[in-house]
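S.K.: Quick check, what structure comes out for this input:
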Amino acid sequence: MPIAVTWDHVHLRSPDPEATAAWLRDILGGEIVRAPGRIDVNLGGARIFIAPLEGDSAVNPPPPHPHPHQGLDHFGLTVKDIDAVAAEIKAKGVTFTREPTTIRPGVRICFIRGPEGISIELLERDKKYT
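M.R.: Residues are numbered from 1 along each chain as shown. Okay, here's the model as predicted:
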């Protein structure tokens, strides 16, 4: 019998969880959810837990995108009217690591740099992109 799973959360670590949550709210429309001692963001049907870095924890910087590396590369979010979304968030000062482009018939993507250097793919699947 196959195992049935559904997404529960993505867990991020940040030196400034409040700023990370605010970015996800202000740029991508997430909803900040507060509980004692924690801050989460509901985004696109998933919950993102944002934990603080403790003390002087040594951390590695995020790898540059689009250079391949082992481990999590990025997460992708579906949008409607990707070119309008890209223009809106570019006006807010978001850095693009890949401008909107049609990668194959029916799929248009772009990549942005999120808080803490996280790579985020925005994509739209539509037959109009041929």
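S.K.: Which stretches in this structure count as strands?
M.R.: 9-14, 31-35, 38-43, 46-52, 75-78, 95-104, 107-113, 119-125 (DSSP state E).
S.K.: Can you convert those strands into a markdown table and add a column each for mean neighbour count, distance to P2 and mean pLDDT?
M.R.: Quick note: C-beta positions are derived from backbone N, CA and C, even for glycine. Output for the strands of the chain, formatted as a markdown table (neighbours: other Cβ atoms under 10 Å; distance: least, Cβ to Cβ, whole Å; pLDDT from 0 to 100):
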| stretch | mean neighbour count | distance to P2 | mean pLDDT |
| --- | --- | --- | --- |
| strand 9-14 | 14 | 22 | 89 |
| strand 31-35 | 11 | 32 | 95 |
| strand 38-43 | 18 | 28 | 95 |
| strand 46-52 | 17 | 22 | 92 |
| strand 75-78 | 14 | 24 | 93 |
| strand 95-104 | 13 | 28 | 96 |
| strand 107-113 | 19 | 27 | 96 |
| strand 119-125 | 18 | 25 | 94 |
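S.K.: between those strands, which gets nearest to I89?
M.R.: Of all these, strand 107-113 sits nearest to I89, with 6.8 Å by Cβ to Cβ.
S.K.: Now do that closest one: which elements does it pack against?
M.R.: helix 82-91, strand 95-104, strand 119-125 (3 or more Cβ pairs under 8 Å, 6 or more residues apart in numbering; DSSP states H and E).
S.K.: So which bits of the first one are buried?
M.R.: Pointing back at helix 82-91 there. Buried residues in helix 82-91, defined by neighbour count with 16 or more other Cβ atoms under 10 Å: I82, V85, A86, I89.
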